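Trainee: predicted coordinates and the sequence they were generated for:
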Amino acid sequence: MQRWMNRVQKERPADLAGQQLTAAIYFQGLGSAVGQLTFGSVHAAGQRSSFINDAQAMQNAVAARDEVIAREREGFHRPPGSLAADFPDSKGVLAVTDRQLIVFGYHQGLFRTRIEDPVARIALSDLSGWSHSPGMFAWTLNLAFRDDSDVGLDLPIANKPADFVWTLGVPATAA
């Protein structure tokens, strides 16, 4: 988490003007971490099969990944124009200040990565609740907003999601 806080402060200081940064973390759209693993497993199995060609192996892997992601995102309410709809489906950086959630875009290039312009600024007063659930490859962060929208995000395990949720006091999802 500290790494992401340092990067936000270094790369996007103007976006934090007058605010105290409390926490920051890289995220992926819900289901992305498991979806990537599914893609890799299905694709590898398909390539080893003598019954299908490479194109079919890729097509099967993409379909399996998309199914996992759709299943993970089921139940979340993200209508167009809602606060939850502002979160990217792919990846980004979530910064939490003393006043707001700032959702930054994120560019992952071959030789350089960068935190991009904010895609959303959400006042903390618009956040009606949040929770987390640990996972083997990624933790899930659930965010609910006053406009009755909600979104789930994958926090990859390599980014120390436990530090992020502990710093913010995000409760565990009730079982």
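Mentor: In hand now; what should we look at? Numbering: from 1, shown residues only.

Trainee: in stretch 89-96, what's buried?
Mentor: 91-96 (16 or more other C-beta atoms under 10 Å). Where you see a C-beta, it was placed from the backbone N, CA and C, and this is true even at glycine.

Trainee: what does the helix or strand residue 94 falls within contact?
Mentor: Assigned by DSSP states H and E, residue 94 belongs to strand 91-97. Residues from elsewhere that reach strand 91-97 (C-beta atoms under 8 Å, 6 or more residues apart in numbering): 4-5, 7-8, 12, 15-16, 19-29, 32, 101-106, 108, 115, 119, 141, 153, 168.

Trainee: which secondary structure elements does the helix or strand just after it sit against?
Mentor: Proceeding N to C from strand 91-97, the next assigned helix or strand is strand 100-108, under DSSP H and E. Applying 3 or more C-beta pairs under 8 Å, 6 or more residues apart in numbering; DSSP states H and E, one finds that strand 100-108 makes contact with strand 91-97, strand 113-123.

Trainee: in ChimeraX, select just the buried ones from the contacts of strand 91-97.
Mentor: The command below creates a ChimeraX selection of those among the contacts of strand 91-97 that count as buried (16+ other C-beta under 10 Å):
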select :4,5,7,8,12,15,16,21,23,24,25,26,27,28,29,32,101,102,103,104,105,106,115,141,153,168
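
Trainee: assumed residue 151 was part of a strand.
Mentor: Yes: assigned with DSSP: H, G, I helix; E, B strand; the rest coil, residue 151 falls within a strand.

Trainee: what's the closest non-adjacent residue to it?
Mentor: Take residue 151 and drop its neighbours on the chain: the residue closest to it by C-beta to C-beta, 6 or more residues apart in numbering is residue 84, 3.9 Å away.

Trainee: just residue 3 next, same as before
Mentor: Closest to residue 3 by C-beta to C-beta, 6+ apart is residue 159, at 7.9 Å.

Trainee: dump the residue contacts of the one you found.
Mentor: Per C-beta under 8 Å, 6+ apart, neighbours of residue 159: 1, 3-4, 25-26.

Trainee: okay, who's weakest in the residues you listed by pLDDT?
Mentor: Among the contacts of residue 159, residue 1 has the lowest pLDDT, at 73.

Trainee: all set, thanks.
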